[in-house]
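[1] model this:
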Amino acid sequence: MVDVEPVEAGFKRAMRQLAGGVAVIASGNGDRRRGLTATAVCSLSSTPARLLVCVNKSAEAHDVIAGTRCFSVNILGDDQQALAERFAALDGSKGAIRFAGERWSELVTGAPVLNSAIAVFDCELDAELPTETHTVYIGRVVKTMCDDAGMPLVYHQRQFCAPIPLGKPHLATG
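    Below you'll find the model as predicted:
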């Protein structure tokens, strides 16, 4: 392994090796609904239930999340690549039109939740941590939904993938 590239380019290339689950982050209502595809989603704590999402400041949903003080994290299944591409604007769509053709509802906060997601986290905004290009939003999870039979959509090496189970499930510790 030779390190000859600028740190930012090397960082991006190295991060492509970290596979991530694909989620749609959504907020707002009616014509003000906005959403984006993200892999920067992380469990922060289980007691109390908190997670964090990293949203680019240029994303349409960025200011909507800050304004509504709530958001949902909708974990996509391995059959939802087209939806991930739409919310990543790979089809050129913007605004509330991205929500068309899917069934959305509301749980506690009023943020739109995707009925066909394999897992949903309905979050109240707890904190915002601005960085140069992104804001880290920390959400207090107030409601969840989960389809234990679903397989997640994964993003790795700049492409969408489906995980292949390697054996029996392991119990997480810690």
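[2] need the strands for this structure, in chain order.
    20-21, 23-27, 34-38, 41-46, 49-56, 70-75, 104-106, 112-114, 119-130, 134-146, 154-156, 159-161 (DSSP state E).
[3] Any idea which of these gets closest to residue 95?
    strand 34-38 (6.9 Å; CB to CB). (Glycine included, C-beta is placed from N, CA and C.)
[4] Show me the contact partners of that closest one.
    If you take CB atoms under 8 Å, 6 or more residues apart in numbering as the criterion, strand 34-38 is touched by 22-28, 53-56, 59-61, 64, 84-85, 87-88, 95-96, 98-99, 112.
[5] again, only this time at 6 Å
    23-26, 28, 59-61, 64, 84, 87-88, 98 (CB atoms under 6 Å, 6 or more residues apart in numbering).
[6] nearest to residue 148, of those?
    Out of the contacts of strand 34-38, the member with the shortest distance to residue 148 (by CB to CB) is residue 23, at 17.2 Å.
[7] for the protein, which residue is closest to the average position?
    Closest to where the C-alpha atoms of the chain average out (CA atoms, centre = their mean) is residue 23, at 3.2 Å.
[8] ranking the strands of the chain by burial, who's on top?
    strand 23-27 (a mean of 28; mean count of other CB atoms under 10 Å).
[9] still on that earlier bit, now distance to residue 167 too, for the strands of the chain, in a markdown table please.
    What follows is the strands of the chain, written out as a markdown table (distance: least, CB to CB, whole Å):
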| stretch | distance to residue 167 |
| --- | --- |
| strand 20-21 | 20 |
| strand 23-27 | 26 |
| strand 34-38 | 29 |
| strand 41-46 | 23 |
| strand 49-56 | 28 |
| strand 70-75 | 22 |
| strand 104-106 | 36 |
| strand 112-114 | 30 |
| strand 119-130 | 22 |
| strand 134-146 | 22 |
| strand 154-156 | 18 |
| strand 159-161 | 18 |
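[10] If anything else comes up later, I'll come back, but that's it for now.
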